[in-house]
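[1] The following block contains a protein sequence and its predicted model.
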Amino acid sequence: MRPALAYRPGDSPLHRASPAAAISYLAALAAVGFVFASPAVLVAAGIALALAGIAAGASRAVAASLRLAVPLIVLMVVVNALVTHRGDTVLVRGWELPILGQMDLTLESLAEGGRIGLLVAVAVLGFAVYSACADPDRVLRALRPVARRSAMTAGLVTRMVPLAVADGARLREAASLRGPAAAPVGRAELARRLVESSLDRAVDVAATLELRGHSLDSRPQRERRASRDNAPLIGTAVLIALAALAAGLAGGGGFETYPRIEVDAGPATLTLCAGLVLFAAIPFVRAKIKWVALPRTLASARPVRWWRWRARA
């Protein structure tokens with residue numbers, strides 16, 4: 001079974017577009033979360049990325065990233081509450097420690113930990129949708145003229161990591177089917193066998209690349225094949241950047257946790273949140289629109305000159 005985060009071929013705008021256009025679209029949505037600290041903006045960016053992934057057919061990758069992001073959010077909240085004790089709203093009065101000081105649990109530290117967790121969740125969603133929709137072979141071809149060896153390494157990594165995950169799943173399934181009389185297989189043994197199979201695959205890949213002439217000094221050529229989905233994705237990224245700039249100039253998207261929680265819920269913030277979701281849907285809505293063509297009989301009809309009709313009369 002193919003891993004959820006592995007690339008799956010599809011017919012969505014993210015699949016058909018060039019890697020640069022797809023990356024610019026996803027990076028624009030994820031970058032908004034790093035610019036604005038408001039939890040509302042972070043939630044809107046996460047919703048936009050999740051809806052884009054579902055519309056592109058990467059629902060499994062979205063679900064897997066959310067399963068990974070929820071424990072990370074909880075971890076960030078717990079760690080920040082234990083490390084940071086600033087804030088005026090004390091929920092639990094702690095104890096005094098010699099080095100750490102007063103161990104108080106404050107509402108502000110919980111809110112700051114939740115904001116950091118939401119930021120991590122947005123980044124995980126963006127990378128999950130990219131991994132499921134961006135063809136690693138096309139990424140490799142796009143980066144090859146710029147950095148040949150680095151592009152090869154990055155392309156091999158994006159190919160080998162899902163294969164290693166699939167190998168681990170097959171090894172665990174094979175170990176569970178050995179029967180009750182067989183000796184149990186521990187994690188160390190599974191890890192050793194996985195490393196051995198990965199090394200064997202690496203040797204085979206190196207031999208294949210050498211036979212295909214990747215060690216020869218040849219000048220790579222750029223792939224000159226433009227997709228009609230590049231412009232909508234890049235235009236959407238520009239719209240998101242302009243909306244974020246306008247919201248920043250208007251003072252929206254603010255969020256302060258210390259010493260008290262202050263959340264900006266003004267028109268600029270709400271407009272930016274709604275704009276992220278609406279702008280993210282533009283490439284997919286455009287792909288669904290079908291122009292109504294004229295009937296074939298009307299399209300193929302030839303114009304009749306007036307003097308021919310007059311001659312017949």
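    Looks like it arrived, so ask away.

[2] got any ranges where the stretch 1-150 of the chain has weak pLDDT?
    Along the stretch 1-150 of the chain, segments meeting pLDDT under 70 span 1-2, 97-102, 143-150.

[3] residue contacts, the most centrally placed residue in the chain?
    Closest to where the C-alpha atoms of the chain average out (C-alpha atoms, centre = their mean) is Gly126, at 2.2 Å. Shown in contact with Gly126 (C-beta atoms under 8 Å, 6 or more residues apart in numbering): Leu26, Ala27, Leu29, Ala30, Leu49. Using the backbone N, CA and C atoms, a C-beta is placed for each residue, glycine as well.

[4] I only care about those that end up buried; give me the PyMOL line for that.
    Buried subset of those, written as a PyMOL selection, criterion 16 or more other C-beta atoms under 10 Å:
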select buried, resi 26+29+30+49
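
[5] Relative to Ser18, which of the contacts of Gly126 is nearest.
    Closest approach between those and Ser18, by C-beta to C-beta: Leu26, at 13.0 Å.

[6] Check the secondary structure at that closest one for me.
    Of the three states, Leu26 takes helix according to DSSP: H, G, I helix; E, B strand; the rest coil.

[7] OK, contacts around it?
    So Leu26 contacts Leu14, Leu49, Ala52, Gly126, Val129, Tyr130 (C-beta under 8 Å, 6+ apart).

[8] Reformat the residues you listed as CSV; add secondary structure and distance to Arg201.
    Converted to CSV, the contacts of Leu26 look like this (DSSP: H, G, I helix; E, B strand; the rest coil; distance: C-beta to C-beta, whole Å):
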residue, secondary structure, distance to Arg201
Leu14, helix, 28
Leu49, helix, 32
Ala52, helix, 33
Gly126, helix, 29
Val129, helix, 27
Tyr130, helix, 24
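
[9] can you give me the strands in this protein?
    Here the chain has its strands, by DSSP state E, at 90-92, 96-97, 101-102, 105-106, 255-256, 262-263.

[10] Out of those, flag the one nearest Gly179.
    strand 105-106 (50.8 Å).

[11] chain center to the closest one, what's the gap?
    Averaging C-alpha positions (C-alpha atoms, centre = their mean, to the nearest Å) puts strand 105-106 33 Å from its chain's average.

[12] partners of it in the sheet?
    strand 90-92 (antiparallel) (DSSP bridges).

[13] Can you give me the pLDDT of Arg308?
    We have a pLDDT of 46 for Arg308.

[14] so Arg60 touches Ala4, yeah?
    Yes: here Arg60 reaches Ala4: they are 4.1 Å apart, a contact under C-beta atoms under 8 Å.

[15] Return every residue with contacts to both of the two.
    Listed as contacting both Arg60 and Ala4 by C-beta under 8 Å, 6+ apart are Ala132.

[16] you'd agree Ala37 is up against Gly254?
    Yes: counting by C-beta under 8 Å, Gly254 is a contact partner of Ala37 at 7.0 Å.

[17] Looking at those two, which is more packed in?
    Taking neighbours as other C-beta atoms under 10 Å, Ala37 and Gly254 compare with Ala37 leading, 20 against 17.

[18] Skipping adjacent residues, who's closest to that one in space?
    Of all residues not flanking Ala37 in the chain, Phe255 sits nearest, at 4.1 Å (C-beta to C-beta, 6 or more residues apart in numbering).
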